[in-house]
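1. sequence-free structure coming up:
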């Protein structure tokens, strides 16, 4: 059954008009017919089985039939500070981090960042990255969409109000049992393709970030969140 994120209130027993994006994707692209069913979620928790009851030339309506409270969220809350990269690498990092249960993604700039702060004014780019997260939720079954936050500097972020458990991926700077006794509510800092500078790692350490080295190999910026979040899923599994 197809799954769609829809920005509207959903309540069982109600009739809802499709938003433009869902109408285009489900009716125009997938050629849905009346009485066809799908799953809708609006990011507020749970999901709904809906039935397509009316299709017009420019709009369509569904009946909201059943509610399932399952969110399929990860057993932790992670605020991911991800230094931006160009092209498909950023899309990949956001997509996979979403599938693996990230809660929030804070876009960052750093000394070796490939992109500049102009993107905090580039709403189209931010909307694109948010749509990547939405599509990942539609695919993987998550019903709460992580928010993609406009970029700020790495220094501003590490000095902000963050969860008590904080980790920075820092190759060759391993600390033993880094996840031992850590809270499932945590912040994770991942640098750019060229890595974080020594000064940036030091700033993170001064703000209570613990160094976390994952194995002997240096991971790409888009691979690092996949590996780190996979380990966290295993570590905090009930």
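-> Structure's in. What do you need? Source: prediction; values computed, not measured. Residues are numbered from 1 along each chain as shown.
2. would you point out which residue is most central in this structure?
-> residue 98 (3.6 Å; CA atoms, centre = their mean).
3. so that one: helix, strand or coil?
-> The three-state label given to residue 98 by DSSP: H, G, I helix; E, B strand; the rest coil is helix.
4. contact partners for it?
-> For residue 98, the set of contacting residues under the criterion of CB atoms under 8 Å, 6 or more residues apart in numbering consists of 132-133, 136-137, 140, 142, 145-146. No exception for glycine: its C-beta is placed from N, CA and C like everyone else's.
5. among those, name the ones in helices.
-> If you go by DSSP state H, those have 132-133, 136-137, 140 in helices.
6. just the buried ones from these?
-> 132-133, 136-137 (16 or more other CB atoms under 10 Å).
7. how's the protein carved up into domains?
-> 3-68, 77-236 (the TED database).
8. make CSV out of those and add mean pLDDT.
-> What follows is the domains of the chain, written out as CSV (pLDDT from 0 to 100):
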stretch, mean pLDDT
domain 3-68, 96
domain 77-236, 90
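9. so which of those domains is the most surrounded?
-> Highest mean neighbour count of those: domain 77-236, a mean of 18 (counted as mean count of other CB atoms under 10 Å).
10. chain center to that domain: distance?
-> 10 Å (CA atoms, centre = their mean, to the nearest Å).
11. and the gap between the residue nearest to the centre of the chain and residue 105?
-> Using CB to CB, to the nearest Å, residue 98 is found at 8 Å from residue 105.
12. list residues touching both of those two?
-> For the pair residue 98 and residue 105, residues contacting each of them under the criterion CB under 8 Å, 6+ apart are 133, 146.
13. which strand residues bridge the nearest residue to residue 14 once chain neighbours are set aside?
-> Taking CB to CB, 6 or more residues apart in numbering, and ignoring the residues beside it in sequence, residue 14 has residue 64 as its nearest neighbour in space, at 5.0 Å. Applying DSSP bridges to residue 64 gives these bridge partners: residue 50.
14. tell me the contacts of residue 64?
-> With contact set as CB under 8 Å, 6+ apart, residue 64 has these partners: 10-16, 40, 48, 50.
15. picking up where we left off before, dump the contacts of residue 98 into CSV; add distance to residue 159 as well.
-> Listed next are the contacts of residue 98 as CSV, based on distance: CB to CB, whole Å:
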residue, distance to residue 159
132, 28
133, 26
136, 30
137, 31
140, 33
142, 30
145, 27
146, 22
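16. now for the residues you listed: which two are most distant?
-> Of all pairs drawn from those, the one with the longest distance (CB to CB) is 132 and 142, at 13.3 Å.
17. follow-up on the earlier one: out of the buried ones among the ones in helices among the contacts of residue 98, which is nearest to residue 193?
-> Scanning these for proximity to residue 193, where the rule is CB to CB, the winner is residue 132, at 18.7 Å.
18. I figured the closest one hits residue 93, correct?
-> No. Applying CB atoms under 8 Å, one finds residue 132 not in contact with residue 93, separated by 9.4 Å.
19. all strands for the chain, in order.
-> 3-5, 15-17, 37-41, 47-55, 60-68, 77-83, 104-109, 147-153, 165-169, 185-190, 210-212 (DSSP state E).
20. could you dump those to TSV with distance to residue 220?
-> As requested, the strands of the chain are exported to TSV (distance: least, CB to CB, whole Å):
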stretch	distance to residue 220
strand 3-5	28
strand 15-17	42
strand 37-41	31
strand 47-55	33
strand 60-68	37
strand 77-83	12
strand 104-109	16
strand 147-153	20
strand 165-169	11
strand 185-190	10
strand 210-212	16
